[in-house]
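**Student:** could you look at this predicted model? Sequence included:
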Amino acid sequence: MLPRIADSLSFLYLDIVRIHQDDTGVCAEVTSEHRGTETVYLPTAALSCVLLGPGTSITARALATFARHGTTVLVTGSGGVRCYAAALPDSLTTTWLERQTRAWAEDDRRLAVATAMYEKRFGPGTVPSGSTLAQLRGFEGQRVKAHYRLLAQQYKIGRFRRAYDPASWDTQDPVNLALSSANTCLYGIVHAAILALGCSPALGFIHNGNQQAFVYDIADLYKADLTIPLAFSLHASTNPEAEARRSFRDGLRLFKLLPRIVADVQQLLDPDTEYEVPDPEEQLVDLWDPVAGAIPGGVNHGVEP
């Protein structure tokens, strides 16, 4: 799958393949009972970022070729639901990292980016001029609680209180379990987009003191639309964590979010330039299957009951 995004960024997700280098180039090798062993050569020079999912192995020579061609290589969970490790090429641009660092290091600019993040979440003009970070956090708390109340009434589940406590994980209600699981999935794809741009996941504008502070900042932009409604819809599930993960993997929902994440990060760090979000339905090219061959991307291939 090759979603092409602003700045010619292109992403390829692979799983259950062996990636190696031969005399011609880097190829993905798949063996199946129906089609035997098949080899697909990868357009390394045209790839900005490769996401390696479960069941993937890669040789050192292939990894070195990706590095020479300026391709970022990420190790992720199935469907990009987590981001475990990254190999960044020397040639990756530092333009966005420099913009992020300058805005993060100056208090006024950092507050301006934080304010822009809140306005992206709650709408233009929702933040009074001159608001401090403490006031922004207060506005956010009130709006998120109101969102929880609305959804709790919609699903008739009574009063809801957000809780995240790994020490008492098994005692938490289905909505909290689903929300924690869905948020973790979201952090993975946001982390991948931030690394592909060359930004630092540690330099957050609202969150601080964590290697994923910027990931949490950007992920918060989408929770009200994605993870919170999904979690409440799973209030009666007997396995809310797994259902939340499957919901994101099905229909390539996380990959469709990639263009929006990239455009939002660019807009926040370069507010004087207008960045359009590409239509993900037009950007997804093909999916490759070892049995069926190339099949259309951007389509839900789930079997109808």
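**Tutor:** Cool, got the structure.
**Student:** pull out the buried positions in the biggest helix by length in the chain.
**Tutor:** In terms of residue count, the longest helix belonging to the chain (DSSP state H) is helix 174-197. Residues of helix 174-197 classed as buried: 174-197 (neighbour count, 16 or more other Cβ atoms under 10 Å). For every residue, glycine as well, the C-beta is placed using N, CA and C.
**Student:** so the following helix or strand past it versus helix 174-197, what angle?
**Tutor:** Counting by DSSP states H and E, the next helix or strand C-terminal to helix 174-197 is helix 213-223. Computed by axes from the mean of the first three to the mean of the last three Cα atoms, to 10 degrees, the angle separating helix 213-223 from helix 174-197 equals 120 degrees.
**Student:** give me the below-cutoff pLDDT ranges for the stretch 101-250 of the chain.
**Tutor:** For the stretch 101-250 of the chain, the stretches flagged by pLDDT under 70 are 250.
**Student:** one more pass at 80, please.
**Tutor:** Applying pLDDT under 80 to the stretch 101-250 of the chain picks out residues 164-170, 248-250.
**Student:** pull the number of nearby residues for the closest residue to Trp104 other than its chain neighbours.
**Tutor:** What sits nearest to Trp104 in space, not counting adjacent residues and going by Cβ to Cβ, 6 or more residues apart in numbering, is Leu203, at 4.5 Å. Leu203: 19 surrounding residues under other Cβ atoms under 10 Å.
**Student:** just checking, Leu203 touches Gln212?
**Tutor:** No - with contact defined as Cβ atoms under 8 Å, Leu203 does not count as touching Gln212 (10.7 Å).
**Student:** contact partners of stretch 99-116?
**Tutor:** Contacting residues not belonging to stretch 99-116 are listed as 127, 131-133, 136, 199-200, 203-206, 214, 267-271 [Cβ atoms under 8 Å, 6 or more residues apart in numbering].
**Student:** the same query, at a cut-off of 6 Å, please.
**Tutor:** 127, 199, 203, 205-206, 268-269 (Cβ atoms under 6 Å, 6 or more residues apart in numbering).
**Student:** over to stretch 26-34?
**Tutor:** Against stretch 26-34 from outside (Cβ under 6 Å, 6+ apart): 14, 17-19, 37-42, 44, 62, 65, 290-291.
**Student:** the same query, at a cut-off of 7 Å, please.
**Tutor:** Residues from elsewhere that reach stretch 26-34 (Cβ atoms under 7 Å, 6 or more residues apart in numbering): 14, 17-20, 37-42, 44, 62, 65, 290-291.
**Student:** just the ones of those in strands?
**Tutor:** 14, 18-20, 37-41 (DSSP state E).
**Student:** nearest to Leu226, of the contacts of stretch 26-34?
**Tutor:** Leu14 (24.4 Å; Cβ to Cβ).
**Student:** what number of residues lie near that closest one?
**Tutor:** The number of residues near Leu14, taken as other Cβ under 10 Å, comes to 21.
**Student:** how about Ser129?
**Tutor:** 6.
**Student:** count of neighbours near Tyr41?
**Tutor:** 11.
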